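Output the structure for:
(2 chains, ligands or ions: 3)
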Amino acid sequence: MTTPYTAPRPPMRETAEELRARIPGWGVDLDPADRPSYPRERYAPEETGAHWTLPEPQDGDPSRERSIEHSMLPPVYGTSCPTKGLSGVVRRYSYARFSEGRAAHWLLLLAADRIDVAESVLRSFATTRPDNPLTQTGLRAELTGHGLSSRRGRVDARHHVVDPVVVAGPWVLAGWAGWRAARRLRRALGR
Amino acid sequence: MKAMVYRGPYRVRVEEKPEPRIEHPNDAVVRVELAAICGSDLHLYHGMMPDTRVGSTFGHEFIGVVHEVGPSVRNLRVGDRVMVPFNVFCGSCYFCARGLYSNCHNVNPNATAVGGIYGYSHTCGGYDGGQAELVRVPFADVGPTKIPDWMDREDAVLLTDALATGYFGAQLAEIAEGDTVVVLGAGPVGLYAARSAWLMGAGRVIVVDHLDDRLEKARTFAHAETINFAEHRDVVVELKRTTDFLGADSVIDAVGAEADGNLLQHVTAAKLKLQGGSPIALNWAIDGVRKGGTVSVMGAYGPMFSAVKFGDALNKGLTLRMNQCPVKRQWPRLFEHVRAGHLKPSDIVTHRIPLEHIGEAYHLFSAKLDGCIKPLIVTDAA
Ligand SMILES: NC(=O)c1ccc[n+]([C@@H]2O[C@H](COP(=O)([O-])OP(=O)(O)OC[C@H]3O[C@@H](n4cnc5c(N)ncnc54)[C@H](O)[C@@H]3O)[C@@H](O)[C@H]2O)c1
Ligand SMILES: [Zn+2]
Ligand SMILES: [Zn+2]
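Ligands and ions are numbered 1, 2, ... in the order given. Below you'll find the model as predicted:
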């Protein structure tokens, strides 16, 4: 069937009455001006519950890393994982040097994330709970969650093959590098 | 306290962590009763979000009981049951004063482009999240709301993000009576967006995904027509065919950074991190919408560049609308809709998993096994 390109809008397939009968609440928010996010900006500071014009600063760390697009450290911030180690040095450099507009900022932060993982894996071996890729990846869900049949006929199954490489790859590489280094050391000592 | 902890891409576990403290006079500490994993958490879990630190706790969808309050808190008392929007916001900055709660300028030192989000990397402020027994809630007089007596606890936790975001996405699609609305993605956000589109008077709602369980939910829960993109060589042509070759009046992207459907885009973005996000769905939206139409983007993308087909967005005169959802702005109306039975958010919950099994929960939801659509994390099981 070909459709000529004419002016009228294609007719509705169901009338408003039919839709109202089929779908609970059809059209209750019909008026665009009576929707909660209309208009985009609505000046109403009295509605937020804030009883301050400027929040007091939290007791914290004035050296907290921040975007250089901020004029100052905002009064409230998260204190989840302060920077530390080599990843911390890279993160602080990225914040101090590059704005959010620069790819270098984000690429350095992503690199720092990978360094953080390596540092944390090493650190975990000095604890009573070393990292365990088998339990932490939740692979048991493959058994309890019907891993094979759940994936039948799915387009994303193709890259599910890549996922284990992404997860296990660094471990394998690190193990290989460690083994090479140990071998070289042994040879150097033996000579 | 016990908390979910990120150990590296695809690896999480439960750890014993120090209890959060009051760090600001308007802080509260909340004992979490019920939390959820969001599609957004998968971007962190897969290592896509810059500055996601090992040791951090995820979780921006949670409800619980007030455990401790700071000296300046007026509206909450210890023992109140509260639901907490996923946004951390001050209520008093330039943006909060104008209702842009998700764009608060006073809560995120790490970035100016994005506001504060619980448990969502240092790029979103470095706050620990609610997939834990206890969580710090800043600006307790601004964010949290007491859970109404009549509200189901699963509905309450879904209102803290997924439902509010779906509803917000439908609003940004600027739907007029009789419009044809296409929703890309049949995850929680897409399902709620599709359901909400009807409330705004849509004449047709079409949901696109490739997971059969989810498309089935789109038909039953969201009363929508469905398209499985894996069954079409080129889904854009299918979208045109079903809309008289004009295109849809609006398209909602409820997929985001890890979109599938094009191996090159998926692998360069989601696996190699060479793009801020895989723009497959966003590009389908730009191609599938009619000229002069509106694309509403709820799917989340990283802060880096993505290969978006911007030229055609211009050529077609499109309106692109998007934001992180300002959750609390949606609540009064959504409470009415839930109470009236127009929306029943908990109908899409498929799994209820104790915090101890967090590793399995993430894997199940990430790999979409066992028909998983929305997993809740139960922290008060013990
Ligand atoms: N803007 C906000 O405030 C906000 C809030 C919550 C979630 N989000 C974002 O919304 C997105 C969806 O969240 P969710 O919880 O529903 O996640 P989800 O992972 O459960 O759902 C995503 C769905 O998209 C499908 N999909 C993948 N590629 C597709 C394609 N090319 N076309 C159509 N469908 C495709 C997947 O199969 C999946 O069903 C995520 O990116 C999340 O980060 C944004
Ligand atoms: Zn979310
Ligand atoms: Zn603010």
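
mind listing what the residue of the stretch 51-200 of chain B found nearest ligand 2 touches?
Nearest residue of the stretch 51-200 of chain B to ligand 2: residue B:161, at 4.2 Å (CB to the ion). Any C-beta I mention is one placed from the backbone N, CA and C, and that applies to glycine too. Residues in contact with residue B:161 (CB atoms under 8 Å, 6 or more residues apart in numbering or on different chains) are B:36, B:38, B:40, B:60-61, B:85-86, B:325, B:327.

give me that answer again for 6 Å
The contact partners of residue B:161, taken as CB atoms under 6 Å, 6 or more residues apart in numbering or on different chains, are B:38, B:61, B:86.

likewise residue A:106?
With contact taken as CB under 6 Å, 6+ apart, residue A:106 is in contact with B:50, B:303-304.

Okay, and it sits in which element?
helix A:103-124 (DSSP states H and E).

Which of the residues in that helix are classified as buried?
Buried residues in helix A:103-124, counted by 16 or more other CB atoms under 10 Å in any protein chain shown: A:105-110, A:112-121.

Check stretch B:372-382 too.
Neighbour-count burial for stretch B:372-382 [16+ other CB under 10 Å]: B:372-379.

What mean pLDDT does the host helix or strand of residue B:218 get?
Per DSSP H and E, residue B:218 falls inside helix B:212-220. Taken as a whole, helix B:212-220 has a mean pLDDT of 98.

quick check, it touching chain A?
No - Helix B:212-220 is not in contact with chain A by CB under 6 Å from any CB of the partner chain; minimum separation 7.9 Å.

Show me what the helix or strand that comes right after that helix packs onto, helices and strands only.
Helices and strands here follow DSSP H and E; after helix B:212-220, the next one along the chain is strand B:225-228. Packed against strand B:225-228 by the contact rule (3 or more CB pairs under 6 Å, 6 or more residues apart in numbering or on different chains; DSSP states H and E) you find strand B:204-209, helix B:212-220.

Of these, which is nearest residue A:47?
Evaluated over the helices and strands packed on strand B:225-228, closeness to residue A:47 peaks at strand B:204-209, with 31.7 Å, by CB to CB.

Measure how that closest one sits relative to helix B:212-220, angle-wise.
Going by axes from the mean of the first three to the mean of the last three CA atoms, to 10 degrees, strand B:204-209 is angled at 170 degrees with respect to helix B:212-220.

Return the set of buried residues in strand B:204-209.
By 16+ other CB under 10 Å, the buried positions in strand B:204-209 come out as B:204-209.

what do you get for stretch A:67-84?
Using 16+ other CB under 10 Å as the burial criterion, the residues of stretch A:67-84 that qualify are A:67, A:73-81, A:83.

quick one: residue B:193 and residue B:167 touch, right?
No - using CB atoms under 6 Å, residue B:193 is not in contact with residue B:167, being 7.4 Å away.

Among the two, which residue is more densely surrounded?
With neighbours defined as other CB atoms under 10 Å in any protein chain shown, residue B:193 and residue B:167 compare such that residue B:193 has more, 34 against 29.

tell me the contacts of that one?
Residue B:193 sits next to B:166, B:169-170, B:183, B:252, B:254 when contact means CB under 6 Å, 6+ apart.

distance of it from ligand 1?
Distance of residue B:193 to ligand 1, computed by CB to the nearest ligand atom, to the nearest Å: 9 Å.

repeat for residue A:41
Relative to ligand 1, and taking CB to the nearest ligand atom, residue A:41 is found at 17 Å.

tell me the phi and psi of that residue?
Dihedral pair for residue A:41: phi -110, psi 130, per degrees, to the nearest 10.

can I assume it is in contact with residue B:98?
Yes - with contacts counted by CB under 6 Å, residue A:41 reaches residue B:98, the gap being 4.2 Å.

Neighbour count for those two, which is higher?
Applying other CB under 10 Å to residue A:41 and residue B:98 shows that residue B:98 carries more neighbours, namely 17 against 10.

Check whether the more buried one really touches residue A:43, as I assumed.
Yes - in this structure residue B:98 lies within contact range of residue A:43 using CB under 6 Å: 5.5 Å.

Let me see the confidence value for residue B:382.
On the pLDDT scale, residue B:382 is placed at 49.
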